[in-house]
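**Student:** attaching a predicted model along with its sequence, questions to come.
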Amino acid sequence: MRSRLVIVATGTANLASVLAAFRRLGADPALARVPEMVESAQQVVLPGVGSFGAAMCELDRTGMREVLARRVAEARPTVAICVGMQLLAGTSEESEEVAGLAGIDVAVRRFPVTVRVPQLGWNEVRAGPGCTHLSDGWAYFANSYRLADVPAGWSVAVSDHGGEFVAGMERGGILACQFHPELSGSWGSSILASWLDVTARAA
């Protein structure tokens, strides 16, 4: 049976919070532990906390790398959260020996030594032109690494911590958030609700 919404078990994510957030919005998410579920799903969530390398190793172990890379390349409905967003890049300074999904040609870099690391708590998000789901608001972050450069072909929202960085980005059916929308109150819920609604209607 084709699942409408599946959440990828990266082994590094707080799945309980993510599952609860989507259930509050009326969705019925299933955990995807095999590539076939990701391939056939209408909507996919790629969450993550912890390290870039550990998350990618789990995706490789479960055979998820290729199917996720294909979804990103085709801009099929996918939400990537925190480390999940960083996995869309080709490389990260956190795990330089590990290749990411390479959906964007921008490296993940550590925050400068001039600011507190990790960034932990609330920060302002400012949405740029072309954003459908992302909007101005306050989001909860928990990260030591970020995209400092805006990737070509994406609509982005930015925040500031030791300089401007990409807080979120959109392209086609993809919504990627460096912050945790599932922990960002009603504003975060509205972003996930918008993505659910728009991508469901498009399908």
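**Tutor:** Okay, I see it.
**Student:** how much space between the residue most central in space within the chain and G162?
**Tutor:** For the chain, the residue nearest the mean C-alpha position is A80 (1.9 Å; Cα atoms, centre = their mean). For A80, the distance to G162 equals 23 Å [Cβ to Cβ, to the nearest Å]. Heads up, the C-betas are built off the backbone N, CA and C, glycines and all.
**Student:** just A139 next, same as before
**Tutor:** 17 Å.
**Student:** who has more neighbours out of those two?
**Tutor:** Taking other Cβ atoms under 10 Å, A139 and G162 do not tie; A139 has more neighbours (25 against 16).
**Student:** quick check: bridge partners of that one?
**Tutor:** Following DSSP bridges, A139 is listed with bridge partners N123.
**Student:** residue ranges with poor pLDDT in the chain?
**Tutor:** Flagging of the chain using pLDDT under 70 yields the residue ranges 1-3, 12.
**Student:** what ranges do the strands span in this structure?
**Tutor:** 5-8, 30-32, 43-46, 78-81, 109-110, 119-127, 137-143, 145-146, 155-160, 164-171, 174-177 (DSSP state E).
**Student:** closest one to V98 among the ones you listed?
**Tutor:** strand 145-146 (12.8 Å; Cβ to Cβ).
**Student:** follow-up on the earlier one: between the strands of the chain, which one is nearest to F52?
**Tutor:** Comparing these by Cβ to Cβ, strand 145-146 comes nearest, at 7.2 Å.
**Student:** neighbouring strands - and their directions - for the closest one?
**Tutor:** strand 109-110 (antiparallel).
**Student:** is it true that A202 touches P77?
**Tutor:** Yes - counting by Cβ atoms under 8 Å, A202 touches P77, with 7.5 Å between them.
**Student:** ok, those two, which is more surrounded?
**Tutor:** Remark: of A202 and P77, P77 carries more neighbours, 22 against 10, as counted by other Cβ under 10 Å.
**Student:** buried stuff in the longest helix along the chain?
**Tutor:** When the chain is scanned for its longest helix (criterion: DSSP state H), the result is helix 185-202. For helix 185-202, the neighbour count (16 or more other Cβ atoms under 10 Å) marks W187, G188, S189, S190, I191, L192, A193, S194, W195, L196, T199 as buried.
**Student:** check contacts around the closest residue to the last one other than its chain neighbours.
**Tutor:** Right, T199. The shortest distance from T199 to any non-neighbouring residue, by Cβ to Cβ, 6 or more residues apart in numbering, is to P77 (3.8 Å). Taking Cβ atoms under 8 Å, 6 or more residues apart in numbering, we find P77 in contact with Q42, Q43, V44, G173, I174, W195, T199, A202, A203.
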